[in-house]
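> this one's sequence-less:
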């Protein structure tokens, strides 16, 4: 794995949020155990999403959390040219996917909700915002974060299918929807998203070795290490 | 980038060892082959869903007697329709496979909604067995199918809208290419339910009479349900000749969540990536199986993308949505099986329910089946919500 490195990481969940480069001092207090609509908006997302804030408000929670994790990356996507974006792949993993939107649609069917009843819609939202057009994959996991997305992304980078790759893990389960889940599903967290930006090793600064951890573990490890610095 | 890909990946290692299917034509690939030969549509209205304010109930429904037979054979899963269908397709695909240790057997499932009937029951607090309750989550359905088919190797579940099936085949081939498995069972499954009908009705994307892909009078798609399974095996474990998964590619339009990009540029990227990986030139494609949903925008976008890639020489092409409808997460797998069945009978499939070809559609769009003069390399494409596009190259080895 030494030829593939982490260029940036971002995460948010019940303990708070962070990324591998920026200090956390300017951010609001850590999020509460149950991350609800109002609390997420306290993340000053309008600063992150600028004129697209209205679009952000229309999204389901899976897309919001996944997009927010990507926005937390200190990656300066705005400086990337069209070719960079065309060769940026994205791998998403989720255990519960769009269950919250499914339940909302069952309660009241409407097209704006149906759009979000696919776990891969978060990929579309991220790609629309950043004009990423590379290979894509959305894997459903068993509840525990796995290595599958990292391994897939590393494969794309090695074989040249992508020049950069985002690995995103997200879960967004509201308390009422959690009651619908099978009893034997062991979820690590019902509100959480994390993102890694992977690329091939280069001479650029701020590159982290890709360890053996899962996506979630790797993000948190990097963020905690950055906080200690 | 291109040169290294061609050098390292032009020798495909994943070959097709078997197929299985359950869809609107019935159980078994034989029923699909018959519909293909007869250019017959199996779309029909369904009384049980009438009067619910859906645009239509015309869809590719799996015959009720087929489901009843499956349930009789497996009473433990009688109410687990997604499991029953996928399990039956996997059993058919898995006949006569080379022996492999359980740890070298993998499974990749593709689905958009897993057992959506179970989700509806759980949500409405209706009786639901513990077994089927698990299947509201796609990955648990994959885990149960893996356990039923002696899979102890990697298990993956792809859920990426209507390109899920092609991505699952890609993942299956990739597991073999990377040495993670010798046998990969790839299955795709999705059901038509109140949820699904209500969703597509809310988007006003259904054709009340049944879909007419690439027809100048088309007004929308027809939903379909079913399961398809393809058993992939390490190339060197099978006698020649075999069909291999030679290349694949995917992309995102980065344009719109439910509408395809108007210029087809995303699909062009996916096709070019697949051709590049397979080291096949555009002139080397003998047949192309289109997504061809029957919606105005999809078929326009696809036609434009094909002209961009192939110019005036678009290979003979067709859509099979008129046979069994749009089976969503199962579409890529079922439609790949249809390509393989066509190759087996040396036939170029027609496009059932296409009567009057839209002028924007490729001239090479086939209305009826035709004998094939050459079938050595085929291209399968799908696009879906979220701006997703995927392409897969199937190649006979040796040609």
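Arrived safely. Please read all numbers here as calculations on a predicted model, not as lab measurements. Residues are numbered from 1 along each chain as shown, chains lettered A, B, ... in the order given.

> For the residue in chain A that chain B sits nearest to, give me the pLDDT.
Of all residues in chain A, residue A:124 sits closest to chain B, at 3.1 Å by C-beta to the nearest C-beta. Bear in mind the C-beta positions are built from the backbone N, C-alpha and C, glycine included. The confidence metric pLDDT takes the value 97 at residue A:124.

> since we're on the residue nearest to residue B:353 when sequence neighbours are not counted, how many residues are nearby?
Among residues not flanking residue B:353 along the chain, residue B:322 sits closest, at 3.5 Å (C-beta to C-beta, 6 or more residues apart in numbering or on different chains). Residue B:322 is flanked by 28 other residues according to other C-beta atoms under 10 Å in any protein chain shown.

> Residue A:78 now?
6.

> how about residue B:294, secondary structure?
What DSSP: H, G, I helix; E, B strand; the rest coil gives for residue B:294 is coil.

> coming back round to it: can you name the helix or strand that the residue nearest to residue B:353 falls in?
helix B:321-324 (DSSP states H and E).

> Could you check how far residue B:42 is from residue B:225?
11 Å (C-beta to C-beta, to the nearest Å).

> And for residue A:205?
53 Å.

> Which one of the two is surrounded by more residues?
residue B:225 (28 against 5).

> what residues are up against that one?
Neighbour list for residue B:225: B:23-24, B:59-62, B:85, B:190-192, B:325, B:327, B:330 [criterion: C-beta atoms under 8 Å, 6 or more residues apart in numbering or on different chains].

> at 10 Å instead, please
Residue B:225 is in contact with B:22-24, B:59-62, B:67, B:81-82, B:85, B:116, B:189-193, B:196, B:324-328, B:330, counting by C-beta atoms under 10 Å, 6 or more residues apart in numbering or on different chains.

> For chain A, just list every one of the helices.
Along chain A, counting by DSSP state H, helices occupy A:37-41, A:45-49, A:53-58, A:61-72, A:82-86, A:99-107, A:111-114, A:121-130, A:148-159, A:175-178, A:215-228.

> one step back: can you select the buried ones from the contacts of residue B:225 in PyMOL?
Command for PyMOL, covering only those of those found buried under the criterion 16 or more other C-beta atoms under 10 Å in any protein chain shown:
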select buried, chain B and resi 22+23+24+59+60+61+62+67+81+82+85+116+189+190+191+192+193+196+324+325+326+327+328+330
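
> Out of the contacts of residue B:225, which sit inside strands?
Here DSSP state E is the test, and those give B:22-23, B:189-190 as lying in strands.

> give the contact list for residue 55.
No chain in the question, so chain A it is. Contacts of residue A:55 by C-beta under 10 Å, 6+ apart are A:49, A:63, A:67, A:125, A:128-129.

> That was the other one, I meant chain B.
The contact partners of residue B:55, by C-beta under 10 Å, 6+ apart, come to B:197-198, B:200-208, B:219-220.

> now that we have those, which one has the most neighbours?
Neighbour-wise, these (other C-beta under 10 Å) top out at residue B:206, 25 neighbours.

> Run through the bridge partners of that one.
Listed beta-bridge partners, residue B:206: residue B:221 (assigned using DSSP bridges).

> thought it was touching residue B:223?
Yes - Residue B:206 is in contact with residue B:223 according to C-beta atoms under 10 Å; the separation is 7.1 Å.

> list residues touching both of the two?
B:54, B:56-59, B:197, B:200, B:326.

> Quick one: mark the members of those residues that sit in helices.
Reading helices off the shared contacts of residue B:206 and residue B:223 with DSSP H, I get B:197, B:200.

> which of the shared contacts of residue B:206 and residue B:223 are close to chain A?
B:197, B:200 (C-beta under 10 Å from any C-beta of the partner chain).

> Phi and psi next, for the closest residue to chain A within chain B.
Ranked by C-beta to the nearest C-beta, the top residue of chain B for proximity to chain A is residue B:386, at 3.1 Å. For residue B:386, the backbone dihedrals are phi 80, psi 10 (criterion: degrees, to the nearest 10).

> For chain A, tell me whether stretch B:124-143 is touching it.
Yes - contact of stretch B:124-143 with chain A (C-beta under 10 Å from any C-beta) involves B:124-125, B:130-143.

> Just the endpoints, please. Distance across that stretch?
With C-alpha to C-alpha, to the nearest Å as the measure, the ends of stretch B:124-143 fall 25 Å from one another.

> can you redo the helices of chain A as TSV with distance to residue B:270?
Converted to TSV, the helices of chain A look like this (distance: least, C-beta to C-beta, whole Å):
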stretch	distance to residue B:270
helix A:37-41	34
helix A:45-49	28
helix A:53-58	25
helix A:61-72	22
helix A:82-86	12
helix A:99-107	26
helix A:111-114	24
helix A:121-130	13
helix A:148-159	14
helix A:175-178	33
helix A:215-228	25
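
> Tell me which of these sits nearest to residue B:255.
Closest to residue B:255 of the helices of chain A is helix A:121-130 (C-beta to C-beta; 6.7 Å).

> what's the offset of the closest one from the middle of its chain?
Using C-alpha atoms, centre = their mean, to the nearest Å, the mean C-alpha position of helix A:121-130 is found 11 Å from that of the whole chain.

> what's it packed up against?
In terms of contacts (3 or more C-beta pairs under 10 Å, 6 or more residues apart in numbering or on different chains; DSSP states H and E), helix A:121-130 is packed against helix A:53-58, helix A:61-72, strand A:88-94, strand A:136-140, strand A:164-172, strand B:242-252, strand B:388-397.

> I'm done for today, thanks for sticking with me.
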